[in-house]
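**Student:** Sequence first, then the predicted structure, then my questions.
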Amino acid sequence: MSRLHPHSEHHLMERIGWLRAAVLGANDGIISTASLIVGVATAATTQNEVLIAGVAGLVAGAMSMAAGEYVSVSSQSDTERADLARERKELSDNIEFEKEELAQIYVKRGLELPLARQVAQQLMAKDALTAHARDELGISDITAARPVQAALTSAATFSVGASMPLLMGVISPSRVLVPIVSAASLGFLALLGAIGARAGGANVLRATARVTFWGALAMALTAGIGKFFGTVI
């Protein structure tokens, strides 16, 4: 008879919190800063003005990402706390009803009623609130909202992403700044899409094509706007 050996398991869902914020921040940093540089450069301003606009976009974007993520994830966290407080009160008021409610959840997942009641009994004996949070509300340590983590991750990755097209703007000659920044930024986006897909277990080609398409569209639109206003003014 073969023996079962314990082994460590690493599930991709464990990465969902920081991975989402990291990919979103870096992606936004590259697209918004590259688009800003391309749009301003197309308006026929000086290279110094283009770089000032890029730096301002990096700082403003990083702060915006941090604030936006913090507010958004804090709202999720507030909702989770409210649900847990409500569940805690229901457990205090009528624990037998809550036990049967949990058992019915397991029945819907395929257990026979007697076994479902036994499972609910044992889980609630250990930690009733955690059992209901996980199986009734869908709240767990993996998916729980973490506002500070999301804010810091988004701000940091936005800054890293934004620094890439900004660096290309610094080292590129002014006459070829737009094509170099555009091409390099699309390359950075493709690389980011591939890395994010690999880390999250998604299809690499689809993720790369998706992020590259939207980046190219954003830069094309801002270049058109810059050209239009540069010509008019």
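**Tutor:** All right, it came through fine.
**Student:** mind showing which ranges of the chain have poor pLDDT?
**Tutor:** Along the chain, the model assigns pLDDT under 70 to residues 1-21, 141-145, 200, 230-233.
**Student:** go again using 80 as the cut-off
**Tutor:** For the chain, residues meeting the criterion pLDDT under 80 lie at 1-24, 44-45, 138-146, 195-202, 228-233.
**Student:** ok, longest helix in it?
**Tutor:** Ranked by residue count, the top helix of the chain under DSSP state H comes out as helix 47-93.
**Student:** list the buried ones in the helix or strand following that helix?
**Tutor:** Going down the chain from helix 47-93, the next helix or strand is helix 95-108, by DSSP states H and E. Judged by neighbour count using 16 or more other C-beta atoms under 10 Å, the buried positions of helix 95-108 are 98-99, 102-103, 105-106. (Each C-beta comes from the backbone N, C-alpha and C, glycine too.)
**Student:** Also stretch 176-189?
**Tutor:** Applying a neighbour-count criterion of 16+ other C-beta under 10 Å, one finds 177-178, 180-182, 184-186, 188-189 buried in stretch 176-189.
**Student:** Turn those into TSV, columns for distance to residue 213 and secondary structure.
**Tutor:** Compiled in TSV, the buried residues of stretch 176-189 are given as follows (distance: C-beta to C-beta, whole Å; DSSP: H, G, I helix; E, B strand; the rest coil):
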residue	distance to residue 213	secondary structure
177	23	helix
178	19	helix
180	20	helix
181	18	helix
182	14	helix
184	17	helix
185	13	helix
186	10	helix
188	14	helix
189	9	helix
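**Student:** As CSV, those with distance to residue 26 would be great.
**Tutor:** Rendered in CSV, the data for those read as follows (distance: C-beta to C-beta, whole Å):
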residue, distance to residue 26
177, 22
178, 22
180, 20
181, 17
182, 18
184, 15
185, 12
186, 14
188, 9
189, 9
